[in-house]
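Visitor: output the structure for:
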Amino acid sequence: MNPTLLLDLGNTRLKWALLEGEHWRESGACRHVDIPQWIEAMRVRLPASTRRFGVNVAHDRLALELERQLGPIRWLVAEEQCCGVTNGYDEPERLGADRWAALIAAHHLHDGAALVVCCGTATTVDWLEADGRFRGGLILPGLTTMRESLVRATAKLPLAAGEVRLPPTNTRDAIASGCLLAQVGAIEHYYRVMEGTACGAVALVSGGDAEIIAAHLVIPARTVDNLVLRGLAVVAAASTRPTPSHDTRETAP
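Guide: Predicted coordinates:
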């Protein structure tokens with residue numbers, strides 16, 4: 001069976017996975033600056049028959065370089081419907097491809113309603129009904145982005161490690177606690193809005209800061225690695241299935 005390469009080209013890193021059929025053979029991540037070395041190492045290992053699927057929310061020049069070096073890549077874009085998920089955005093095509101892939105993954109990982117939370121450079125919080133309808137979602141600065149913005153916008157606040165403590169009694173802890181609780185508060189508030197129509201919903205939390213944020217949530221939640229790549233895997237698997245016949249003639253029992 002032909003291998004499948006999955007690429008999640010994010011704002012700061014490239015996440016990837018190599019599949020044999022539906023088996024995850026290996027996966028990893030690298031910073032944008034290290035992509036040329038990653039390409040060089042990966043290119044010699046991939047047979048010509050490799051299928052390539054990707055999500056890109058970074059600069060287009062990086063996507064073009066990946067295609068130039070690795071071959072054609074099927075870049076996922078949001079649409080009105082895909083793999084059981086219906087897009088509720090006013091303009092479906094304007095939904096970020098990474099959020100779309102994460103929603104597809106969530107629908108195939110969880111039977112009920114879900115709050116799909118991806119914690120990276122930005123934090124996204126998306127409402128997914130049990131029947132696959134995406135109702136809409138939030139975008140806010142990610143945990144690290146929040147802390148860095150304080151350094152850029154103020155004269156004397158440091159970018160320093162602190163602990164989450166209530167009440168915080170020093171500046172480092174005040175920054176750490178404030179930024180984390182801003183994330184937690186947005187997620188929990190949106191969950192309560194959602195819970196009014198979707199009883200029994202669970203938050204599926206993914207991304208680099210998922211463990212930190214999920215540990216402070218008091219709503220039903222679980223962490224899931226690589227939601228975006230998992231969504232791409234669903235799309236890749238669907239693309240290998242034969243197109244259903246439209247012949248509606250009855251056959252003998």
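
Visitor: how's the protein carved up into domains?
Guide: For the chain, automatic domain parsing gives the domain ranges 3-75, 81-226.

Visitor: give me the distance from the helix or strand containing residue 186 to the chain's centre.
Guide: Counting by DSSP states H and E, the element that carries residue 186 is helix 171-195. Computed by CA atoms, centre = their mean, to the nearest Å, the separation of helix 171-195 from the middle of its chain amounts to 19 Å.

Visitor: quick one: pLDDT of the closest residue to residue 184 other than its chain neighbours?
Guide: Taking CB to CB, 6 or more residues apart in numbering, and ignoring the residues beside it in sequence, residue 184 has residue 216 as its nearest neighbour in space, at 5.0 Å. C-beta coordinates here come from the backbone N, C-alpha and C atoms, glycine included. The score at residue 216 is 96. That number is its pLDDT.

Visitor: quick one: contacts for residue 216?
Guide: Contacts for residue 216 (CB atoms under 8 Å, 6 or more residues apart in numbering) come out as 164, 180, 181, 184.

Visitor: mind putting the residues you listed in TSV, pLDDT included?
Guide: Formatted as TSV, the contacts of residue 216 follow (pLDDT from 0 to 100):
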residue	pLDDT
164	91
180	96
181	97
184	98
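
Visitor: partners of residue 138 in the sheet?
Guide: The residues paired with residue 138 through beta bridges, assigned by DSSP bridges, are residue 125.

Visitor: okay, helices next: where are they in the protein?
Guide: Assignment of helices within the chain using DSSP state H yields the ranges 35-43, 60-70, 97-109, 143-153, 171-195, 210-214, 227-239.

Visitor: circling back: list buried residues within the contacts of residue 216.
Guide: For the contacts of residue 216, a neighbour count by 16 or more other CB atoms under 10 Å gives the buried set as 164, 180, 184.

Visitor: of the residues you listed, which is the nearest to residue 43?
Guide: Of all those, the one sitting nearest residue 43 is residue 180; the distance, using CB to CB, is 40.1 Å.

Visitor: name all residues that make contact with that closest one.
Guide: When contacts are taken as CB under 8 Å, 6+ apart, residue 180 is in contact with 143, 164, 212, 213, 216.

Visitor: residue 119 versus residue 109, what's the distance?
Guide: As judged by CB to CB, to the nearest Å, residue 109 and residue 119 stand 17 Å apart.

Visitor: the two - which one has more neighbours?
Guide: Neighbour comparison, residue 109 and residue 119: the larger count goes to residue 119, with 24 against 16 (by other CB atoms under 10 Å).
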